[in-house]
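Chemist: What follows is a predicted structure for the sequence shown.
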Amino acid sequence: MLDFEYTISTKIFFGKNKTMKLGNELNHYTKRMLLVYGGGSIKQSGIYDSVHKIIREHNITCKELSGVQPNPRISSVRNGIKLCRQNGLDFILAVGGGSVIDCAKAIAAGVPYDGDPWDLFLQGDSKIKRAIPIGTILTIAGTGSEMNGNAVITNEETAEKLAIHSDLIRPKFSILDPTNTFTVPKEQTAAGTVDIMSHIFEQYFSLTKGAFIQDRLAESMLSSCIHYGPIVMNEPENYEARANLMWTSSLALNGLLSYGKITDWATHAMEHALSAMYDVTHGVGLAIIIPHWMEYVLNDTNAYKFADYAKNVWGFTESDDMSLAKESIEKTKEFVRQLDMPTTLRDVGVNKHKLTEMAKKSVPFGDIGKFKKLNERDVLTILKNAF
């Protein structure tokens, strides 16, 4: 295991009716805030009215940025920054899933920044010197953005999708009420489940030796997704299942699994290129790419890791490492199909002639991956296999 430093500063309020904690938390930070959300789902569910009632009771001035899309756009970030600056807003509340929260984080970093916010994504995390604070109310489990300092934004003009990472944009608090996810549609629930698993995979498939605790935690989280994902698909108001998926989502990407390890993130780089060009739902893109990445990177050197996955997650007991590895990949494919997810790039409308461009966009800063290093040619092969 490698050396590390670990800080999780986000305060979590988990459970039923935790939105009532919002007023006291807002009082710590602001009297003038920006509310960021997506479409009309939070109005239909009643969350919007509950939030505004609390805001009024605490005499907080509130401006709104609505309509944040899946794969959030840099144009929304720019609009949010403009609202904050024009109205003297010093706090952001994101109500929604990962896209809304990521947009809020980018706005938070962009408000005190003198240049265009896209510069922060092009020039590196060191450009983020300050950020206004944010809080979140989570309505979709998947990205884990409610408990980390990561944000991914799409530039619709250049068809690029890039990330920033900074503790300065980690939420000050996050409200996680599993009942707020009861109305999430099946397809979004499935995509969120795969998204959670993808974050675990990126950290689990590592060549770092001796990170026993992290690996066993990762396997437990994968088992939770495999157990509860199908239950939620059939019983959307099953509180136990929704609660376990929501908490797994947060723990999967708050740093707990990655500390002390060298992690991979190649499938995310490929999916970011895919969704930047085709606006595919992130979890859907990952569901297509992950099994093909697994097949491509598997070799005699790393087969032991897949064998651990086969034994400790899928319950296989006897065989050599390579046979176990192949069995685990087949089980992963089977699970994706069980969730009714697309399995090829053709299924989501990708043009075969665009694969070369997609491969190039996957490696904007050079080779990707640590479990097995991949160059542009490797990525193109994986995308062709996925097509």
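Modeler: Happy to help now that I have it. This structure is a prediction, so every number in the text was calculated from the model and none was measured.

Chemist: can you dump the C-alpha coordinates of stretch 24-38 into PDB?
Modeler: Provided in PDB are the C-alpha atoms of stretch 24-38 (Å, rounded to 0.1, in the frame of the first residue of the first chain):
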ATOM      1  CA  ASN A  24     -29.500  25.600   9.800                       C
ATOM      2  CA  GLU A  25     -26.800  24.600   7.300                       C
ATOM      3  CA  LEU A  26     -27.600  27.600   5.000                       C
ATOM      4  CA  ASN A  27     -27.400  29.900   8.000                       C
ATOM      5  CA  HIS A  28     -23.800  29.000   8.400                       C
ATOM      6  CA  TYR A  29     -22.900  30.200   4.900                       C
ATOM      7  CA  THR A  30     -25.200  32.600   3.300                       C
ATOM      8  CA  LYS A  31     -28.100  35.000   3.000                       C
ATOM      9  CA  ARG A  32     -27.800  35.300  -0.800                       C
ATOM     10  CA  MET A  33     -27.600  32.000  -2.800                       C
ATOM     11  CA  LEU A  34     -27.900  30.400  -6.200                       C
ATOM     12  CA  LEU A  35     -30.200  27.400  -6.500                       C
ATOM     13  CA  VAL A  36     -29.100  25.000  -9.300                       C
ATOM     14  CA  TYR A  37     -31.300  22.200 -10.700                       C
ATOM     15  CA  GLY A  38     -32.200  20.300 -13.800                       C
END
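
Chemist: If you count neighbours, what's buried in it?
Modeler: For stretch 24-38, the neighbour count (16 or more other C-beta atoms under 10 Å) marks E25, L26, Y29, T30, M33, L34, L35, V36, Y37, G38 as buried. The way it works is simple: take the backbone N, C-alpha and C, and place the C-beta from them, glycine included.

Chemist: quick one: the last one and E64 touch, right?
Modeler: No. The pair formed by G38 and E64 falls short of the contact definition of C-beta atoms under 8 Å, at 11.7 Å.

Chemist: what about the nearest residue to L286 once chain neighbours are set aside, neighbour count?
Modeler: Using C-beta to C-beta, 6 or more residues apart in numbering and skipping the chain neighbours, the partner closest in space to L286 is S198 (4.3 Å). Burial of S198 is recorded as 25 neighbouring residues (other C-beta atoms under 10 Å).

Chemist: cool, and K333?
Modeler: Residues lying near K333 (other C-beta under 10 Å) number 17.

Chemist: Could you tell me how far the closest residue to L222 other than its chain neighbours is located from S250?
Modeler: The shortest distance from L222 to any non-neighbouring residue, by C-beta to C-beta, 6+ apart, is to V313 (4.9 Å). Using C-beta to C-beta, to the nearest Å, we find V313 at a distance of 20 Å from S250.

Chemist: And the two? Which one has more around it.
Modeler: The neighbour comparison of V313 against S250 (other C-beta under 10 Å) goes to S250, with 24 against 21.

Chemist: who's in contact with the nearest residue to that one once chain neighbours are set aside?
Modeler: Leaving aside its chain neighbours, S250 sits nearest to M147 (4.5 Å; criterion: C-beta to C-beta, 6+ apart). Counting by C-beta atoms under 8 Å, 6 or more residues apart in numbering, M147 touches I8, T10, I12, R170, P171, S174, S250, L251, L253, N254.

Chemist: ok, the fifth one touching T136?
Modeler: Yes. With contact defined as C-beta under 8 Å, P171 and T136 form a contacting pair (4.9 Å).

Chemist: Any idea which residue is closest to the centre of the chain?
Modeler: Nearest to the mean C-alpha position of the chain, by C-alpha atoms, centre = their mean, lies T143 at 2.4 Å.

Chemist: Excluding sequence neighbours, find me the nearest residue to that one.
Modeler: Leaving aside its chain neighbours, T143 sits nearest to G98 (2.7 Å; criterion: C-beta to C-beta, 6+ apart).

Chemist: One more: V284?
Modeler: A191 (5.3 Å).

Chemist: Surely the residue nearest to L222 is in contact with S224?
Modeler: No. At 10.3 Å, V313 does not count as touching S224 under the criterion of C-beta under 8 Å.

Chemist: Can you pull the phi/psi pair for K161?
Modeler: Main-chain dihedrals, K161, degrees, to the nearest 10: phi -130, psi 110.

Chemist: Return the set of residues that bridge with it.
Modeler: On the basis of DSSP bridges, K161 is bridged to T154.

Chemist: That one: how many residues sit nearby?
Modeler: Around K161 sit 27 other residues, with neighbours defined as other C-beta under 10 Å.

Chemist: and if you look at the one 5 residues further on?
Modeler: By the measure other C-beta under 10 Å, the count of residues near S166 is 20.

Chemist: What of S50?
Modeler: S50 has 18 neighbouring residues, counting by other C-beta under 10 Å.

Chemist: Do a quick rundown of the strands in the stretch 51-200 of the chain.
Modeler: Using DSSP state E, counting those that start in this stretch, the strands of the stretch 51-200 of the chain run over 61-65, 91-96, 134-138, 150-155, 160-165, 173-176.

Chemist: Report all helices and strands that the least confident helix or strand in the chain by mean pLDDT contacts.
Modeler: Here the helix or strand of the chain ranked lowest by mean pLDDT, DSSP states H and E is helix 41-45, holding a mean of 90. Using 3 or more C-beta pairs under 8 Å, 6 or more residues apart in numbering; DSSP states H and E as the contact test, the elements touching helix 41-45 are helix 47-57.

Chemist: Now the helix it packs on: average pLDDT?
Modeler: Averaged across helix 47-57, pLDDT comes to 95.

Chemist: I figured A325 hits L298, correct?
Modeler: Yes. Using C-beta under 8 Å, A325 makes contact with L298 at a distance of 5.5 Å.

Chemist: between those two, what contacts are shared?
Modeler: Taking C-beta under 8 Å, 6+ apart as the criterion, A325 and L298 both touch F306.

Chemist: Once you drop chain neighbours, what's closest to T181?
Modeler: R242 (5.1 Å).

Chemist: meant to ask about K209, not that
Modeler: Once flanking residues are discounted, K209 sits nearest to M1: 7.9 Å by C-beta to C-beta, 6+ apart.
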